[in-house]
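In: Got a sequence here, can you build the structure:
(one chain, ligands or ions: 1)
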Amino acid sequence: MSRNTTTVLAFGKIKDTVRYRLKFAHFPYLERALESERVRCGQGMTILDVGCGPGNIASFCSMPGDVKWFGLDLWEHQLAQAAAKHVYAGLFQVNLVDGLPFKEDSFDAVVCNEVLMYLPNAAELLQQFHRVLRTNGALFVYNPITWLPNIFAGARRRLRSIHQERRSISLDCQTDWKNATRACRITYYSLRSLVEQVRSARFEITDVAGFRIFRNRIRAMTRLEDYRWYYRLTESIVNRFPRLAADIMVVGRKAGSQPIERRALSGRAAA
Ligand SMILES: C[S@@+](CC[C@H](N)C(=O)[O-])C[C@H]1O[C@@H](n2cnc3c(N)ncnc32)[C@H](O)[C@@H]1O
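Out: Below is the predicted model:
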């Protein structure tokens, strides 16, 4: 799948304080990618939005009425916000730590936007995404990455757990999640480790795309997001060097019975 630089701009559909919001730059990408999946599938495409939260993605991506979105999340307050968007054919309260309660070959696409990093069982879950996808179905995993070596990632995780918000919970201890309202990040991926984890779940990697360089917005940087040149500059940098991106979209496809060839990562696309 190739990216079209003129259509990745995220302004216009999401209300925000800045015109060219890099945080949402992957939404139009996803919308285009899902549209081409819909064309591939023909009518009646089904999409699973894993950890759907308030339903931002499903409500952003305009899809024809025969496309059915299904969403799942751990917390009721998230599901209530998603339900209020009126775009889901079904919403389920599921703790992903317990796996996916769907039959195999149930969906044409699985979207996992900023969720994998919260899960202690990410590798196992990716295999479940593979199981519930139909053959040739597409997986879209969007997740933060870091270029720091693992040793620093461990230190960051520890620091973060000290400064964690009071009501967030690390689901690797799986204690009292009902009394919490949000999860905290437990896995720090690099580009390579994320791509390799998706690949290990038997997905053929079809694209790896970066969208922004800085994840935490500093006030001065926020101002820059009002300018198209900044958006373009950022995009051209992470296009060439996705390793420098703060988050990446890894697109995988559930191939037929063909064994997946292991390829070395190079450039922006792993394929
Ligand atoms: C950063 S939000 C992303 C929400 C949504 N995907 C979006 O893009 O707007 C992460 C979501 O993952 C959900 N989540 C975290 N841990 C979960 C778990 N163990 N089971 C199900 N959902 C979980 C959270 O409730 C939250 O809605």
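In: The stretch 1-150 of the chain: helices as residue ranges?
Out: Read by DSSP state H, counting those that start in this stretch, the stretch 1-150 of the chain holds these helices, from start to end of the chain: 26-41, 56-60, 76-83, 122-132, 150-163.
In: Then the stretch 151-271 of the chain?
Out: For the stretch 151-271 of the chain, the helices identified by DSSP H, counting those that start in this stretch occupy 191-200, 219-224, 228-240, in order along the chain.
In: do you know which of these lies nearest the ligand?
Out: Of all the helices of the stretch 151-271 of the chain, the one in closest proximity to the ligand, counting by C-beta to the nearest ligand atom, is helix 191-200 (15.7 Å). Any C-beta I mention is one placed from the backbone N, CA and C, and that applies to glycine too.
In: Direction-wise, compare that closest one with helix 122-132 and give the angle.
Out: 40 degrees (axes from the mean of the first three to the mean of the last three C-alpha atoms, to 10 degrees).
In: residues near whichever residue of the chain sits closest to the ligand, how many?
Out: Nearest to the ligand in the chain, going by C-beta to the nearest ligand atom, is Gly53, at a distance of 2.6 Å. The number of residues packed around Gly53, counting by other C-beta atoms under 10 Å, is 20.
In: Can you tell me which of the helices of the stretch 151-271 of the chain is packed in deepest?
Out: Among those, the stretch with the highest mean neighbour count (mean count of other C-beta atoms under 10 Å) is helix 191-200, at a mean of 20.
In: just checking, what packs against it?
Out: helix 122-132, strand 133-144, strand 203-210, strand 247-254 (3 or more C-beta pairs under 8 Å, 6 or more residues apart in numbering; DSSP states H and E).
In: Please repeat the previous calculation with a cut-off of 6 Å.
Out: Contacts defined by 3 or more C-beta pairs under 6 Å, 6 or more residues apart in numbering; DSSP states H and E place helix 191-200 against strand 247-254.
In: Starting from the strand it packs on, tell me which strands it pairs with and how they run.
Out: With DSSP bridges as the test, strand 247-254 is paired with strand 133-144 (antiparallel), strand 203-210 (antiparallel).
In: How about the residues of this structure by the ligand?
Out: Counting by C-beta under 6 Å from any ligand atom, the chain comes close to the ligand at 51-53, 56-57, 73-75, 78, 94-97, 113-115, 118-119, 171, 183.
In: residue furthest from the geometric center of this structure?
Out: Of all residues in the chain, Ala220 has its C-alpha farthest from the mean position, at 26.7 Å, by C-alpha atoms, centre = their mean.
In: where does that residue sit relative to Pro64, distance-wise?
Out: Look at Ala220 and Pro64: by C-beta to C-beta, to the nearest Å, they are 42 Å apart.
In: One more: Arg134?
Out: Looking at Arg134 against Pro64, where the rule is C-beta to C-beta, the gap reads 19 Å.
In: now swap in Val250 and tell me
Out: Separation of Val250 from Pro64 (C-beta to C-beta): 26 Å.
In: next one: Arg232
Out: Applying C-beta to C-beta to Arg232 and Pro64 gives a distance of 31 Å.
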